[in-house]
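1. Just the structure for this:
(chains A and B)
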Protein chains: 2
Amino acid sequence: MSSSAIGVFDSGLGGLTVLKELRAAMPNESFVYLGDVARLPYGTKSSAVVTRYAKSCARFFDPHETKLMVVACNTATAMALPALKTAEKSEVFGVIAPGVRAARQVTRKKKVLVLATPSTVRSGAYLQEFKLQDPSISVQQLACPLLVPLAEEGWFNHSATAEVIRHYLSSLRTWDFDTVLLGCTHYPLLQDSFRKVFPEEIAVVHGGQELGKEIRDYLMASGLRNPLSVPGTLRFCATDEIPASLPIVSSLFGADIPFETVDISV
Amino acid sequence: MSSSAIGVFDSGLGGLTVLKELRAAMPNESFVYLGDVARLPYGTKSSAVVTRYAKSCARFFDPHETKLMVVACNTATAMALPALKTAEKSEVFGVIAPGVRAARQVTRKKKVLVLATPSTVRSGAYLQEFKLQDPSISVQQLACPLLVPLAEEGWFNHSATAEVIRHYLSSLRTWDFDTVLLGCTHYPLLQDSFRKVFPEEIAVVHGGQELGKEIRDYLMASGLRNPLSVPGTLRFCATDEIPASLPIVSSLFGADIPFETVDISV
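-> Now for the predicted structure:
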């Protein structure tokens, strides 16, 4: 139903950066967000485990109340998107294809560095998607396992975060990329730390805006756009307790919206 | 049965530091280790979630094959030990009381700083245990959420790890403690980083050896000691895939013992 909400899930709070872009693109749509913080992080876990978790997150959204679903987590997109597309009745969108579109639009040298979780890197999903969209772009991937815990702890612009990023980069052989694609939805929270580490001429991008456009177009084409012209609602759920007042939420959404704790373990 | 194994579980690999001490104290006992890496970390999660996870770990050990159980995780001990003691048929040992004993033995000023996960700190379990064992010792606690991911990533002696520790300490008001109690079984893996940060005159202790003594005494007293004089066996299990060759395992146990992947989610 066109007035139904859009379901968005992530392993934790990183997907809120995606939700922010979606809300900016579609202010009169309603959203239900689910952060699977009880099992966070996903990015250091295996394909089998991440797929099991993603499926249980997807089951949380009632198909009668949710018109489409967004996997706002790169690891879950990389590992479970095909399985979710098969299993779910509603349309399912991931974050990898939009990220690659965003990088394609800015890279002049056609050299893109993808930063992602170990599980996303291992999956090869970004390499596949670049090959599909533009095989002339050369891509290197770098796994950054500690960035999700740093983002979840709120160390967005901390000297230790910059040092950890520098350490990961030191393993990269010299390579004149001009674009860094943030291949994890937690990483845009660390934008200030990335900007400290990368010189100004290097673009640091993520797929949030592209995903917003893609979903807006889909809703238009399929007649599922919310006909109401009033602002949509936001509902935040998490699989474990979240502090009542969370700086990320107020900084991204301009208001302190409390999280409901939900149990999806059964 | 006296020839049965001792079950040991932790959220991840930190409990291996406990297992090492147990094996040193009781070389002819057999051990089954379970690391719940699929749901790691515990220390940033709520009491309800950690208790649920700890109970499902405990159910993994067959009471016919396990003569006692060790909760080799401070967070699970702090939050779930009483519940496990009630629910389990075999004796259950935690890591908090032995840690407090270890600190008591070395502190001269009777001032102990406890480093632990946010969940352990919140539980107040260390404060309670110090009060019980020696109310004249004054205790401060410091939550160090990023140390578990740093240890799991193997950044045992890394400049970023030292910087993170220094950052946590900076929130402490000046206080002339002489003993640091590592209140998380992952932290002994970071011993080199702690030694970089704390001056030499400060003792950095954990409860591993004390726990070894406690269990050895219990086995003697209850007639459950393994009568065989041959070395006991080690079996390693984890709830997600673990790389076949793990530096922590070979450095702690002198051999590359592969992990079996087990599913305890149901």
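2. Could you name the specific helix or strand carrying residue A:195?
-> Using DSSP states H and E, residue A:195 sits in helix A:191-197.
3. So what would you say the end-to-end distance of stretch A:3-12 is?
-> End-to-end distance of stretch A:3-12 (CA to CA, to the nearest Å): 26 Å.
4. ok, back up a step: the helix holding residue A:195 packs against which elements?
-> Secondary-structure packing of helix A:191-197 (3 or more CB pairs under 8 Å, 6 or more residues apart in numbering or on different chains; DSSP states H and E): helix A:159-170, strand A:203-205. No exception for glycine: its C-beta is placed from N, CA and C like everyone else's.
5. Show the secondary-structure elements that the first one is packed against.
-> It stands for helix A:159-170. Helices and strands touching helix A:159-170, as assessed by 3+ CB pairs under 8 Å, 6+ apart, comprise strand A:138-143, helix A:147-152, helix A:191-197, helix B:159-170.
6. Give me the angle between the first one and helix A:159-170.
-> Pointing back at strand A:138-143 there. Relative orientation of strand A:138-143 versus helix A:159-170 (axes from the mean of the first three to the mean of the last three CA atoms, to 10 degrees): 130 degrees.
7. cool, the last one as well?
-> Calculated by the same axes, to 10 degrees, helix B:159-170 forms an angle of 180 degrees with helix A:159-170.
8. Now the helix or strand following helix B:159-170: buried residues?
-> Once the chain leaves helix B:159-170, the next helix or strand it forms, by DSSP H and E, is strand B:179-182. Buried positions in strand B:179-182, judged by neighbour count with 16 or more other CB atoms under 10 Å in any protein chain shown: B:179, B:180, B:181, B:182.
9. would JSON lines of those residues with pLDDT be doable?
-> Formatted as JSON lines, the buried residues of strand B:179-182 follow (pLDDT from 0 to 100):
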{"residue": "B:179", "pLDDT": "98"}
{"residue": "B:180", "pLDDT": "98"}
{"residue": "B:181", "pLDDT": "98"}
{"residue": "B:182", "pLDDT": "98"}
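10. got the CA coordinates for the helix holding residue A:195 in CSV?
-> This file holds the C-alpha atoms of helix A:191-197, laid out as CSV (Å, rounded to 0.1, in the frame of the first residue of the first chain):
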residue,chain,number,x,y,z
GLN,A,191,33.8,11.5,7.7
ASP,A,192,35.8,14.1,9.8
SER,A,193,38.4,11.5,10.5
PHE,A,194,38.7,10.4,6.9
ARG,A,195,39.1,14.0,5.8
LYS,A,196,42.0,14.4,8.2
VAL,A,197,43.7,11.4,6.7
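11. what mean pLDDT does it have?
-> Averaging pLDDT along helix A:191-197 gives 96.
12. Contact partners for residue A:259?
-> Neighbouring residues of residue A:259 by CB atoms under 8 Å, 6 or more residues apart in numbering or on different chains: A:35, A:236, A:237, A:238, A:241, A:242, A:246.
13. Can you tell me how far it is from chain B?
-> Separation of residue A:259 from chain B (CB to the nearest CB, to the nearest Å): 12 Å.
14. how much space between that residue and residue A:21?
-> 20 Å (CB to CB, to the nearest Å).
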